[in-house]
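1. Sequence plus the predicted model coming up.
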Amino acid sequence: SNQTVTSLALCSNDIKGAAVEALVSGLANNSVLTQLDLSHNPIGNPGAKMLAGLLVYRKQHKQGLRELSLCGCDLGDSGASALFHAVAQGAGNRQLQALNLGQNLIGDSTMRVMADALIR
């Protein structure tokens with residue numbers, strides 16, 4: 001696996017569905033990536049859930065991301081909740097220092113989940 005790329009920006013590339021799945025699969029074995037920016041790609045809730053799984057996997061293998069940007073990615077409550085739950089799992093997830101979910105459709109109830117995740 002590539003052990004030199006630490007930052008990956010794929011903004012506005014129409015990444016969705018199978019492309020998100022392939023990206024997540026590839027990043028699972030990259031131990032040095034610390035920044036991922038997929039802003040303005042229509043990954044939606046399914047893509048956010050795949051990325052949440054990646055956060056948990058990388059955290060378990062001590063390969064956590066420091067920054068994840070999903071601005072304008074057509075996320076709703078279920079996708080954002082999955083990400084917040086991944087962030088909240090265990091003390092080891094403190095590696096994530098920045099999570100950008102701007103310009104998505106995240107409701108009040110999910111904001112409460114986010115608040116709980118930040119408190120832990």
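-> On my side now, so go ahead. Numbers count the residues shown, from 1 in each chain.

2. tell me, what residue is most central in the chain?
-> The centroid of the chain falls nearest to Leu51 when counting by C-alpha atoms, centre = their mean (4.5 Å).

3. how close does it sit to Ile119?
-> 22 Å (C-beta to C-beta, to the nearest Å). The way it works is simple: take the backbone N, C-alpha and C, and place the C-beta from them, glycine included.

4. still on that earlier bit, give me the element the residue nearest to the centre of the chain is part of.
-> Assigned by DSSP states H and E, Leu51 belongs to helix 44-60.

5. List the buried residues in the helix or strand following that helix.
-> Tracing the chain past helix 44-60, the next element assigned as helix or strand by DSSP H and E is strand 67-69. Using 16 or more other C-beta atoms under 10 Å as the test for burial, strand 67-69 gives Leu68, Ser69.

6. to the chain's geometric centre, what's the distance from strand 67-69?
-> Centroid separation between strand 67-69 and its chain, computed with C-alpha atoms, centre = their mean, to the nearest Å, is 7 Å.

7. Can you name every helix or strand that it contacts?
-> Judged by 3 or more C-beta pairs under 8 Å, 6 or more residues apart in numbering; DSSP states H and E, strand 67-69 is in contact with strand 35-37, strand 98-100.

8. Check which helices and strands the lowest-mean-pLDDT helix or strand in the chain sits against.
-> Lowest on mean pLDDT, DSSP states H and E among the helices and strands of the chain sits helix 108-119, with a mean of 79. Applying 3+ C-beta pairs under 8 Å, 6+ apart, one finds that helix 108-119 makes contact with helix 77-88.

9. Just the residues contacting the helix it packs on, thanks.
-> Residues from elsewhere that reach helix 77-88, judged by C-beta atoms under 8 Å, 6 or more residues apart in numbering: 43-49, 51-53, 55-56, 59, 68, 70, 75, 93, 96, 99, 101, 104-107, 109-110, 113-114, 116-118, 120.
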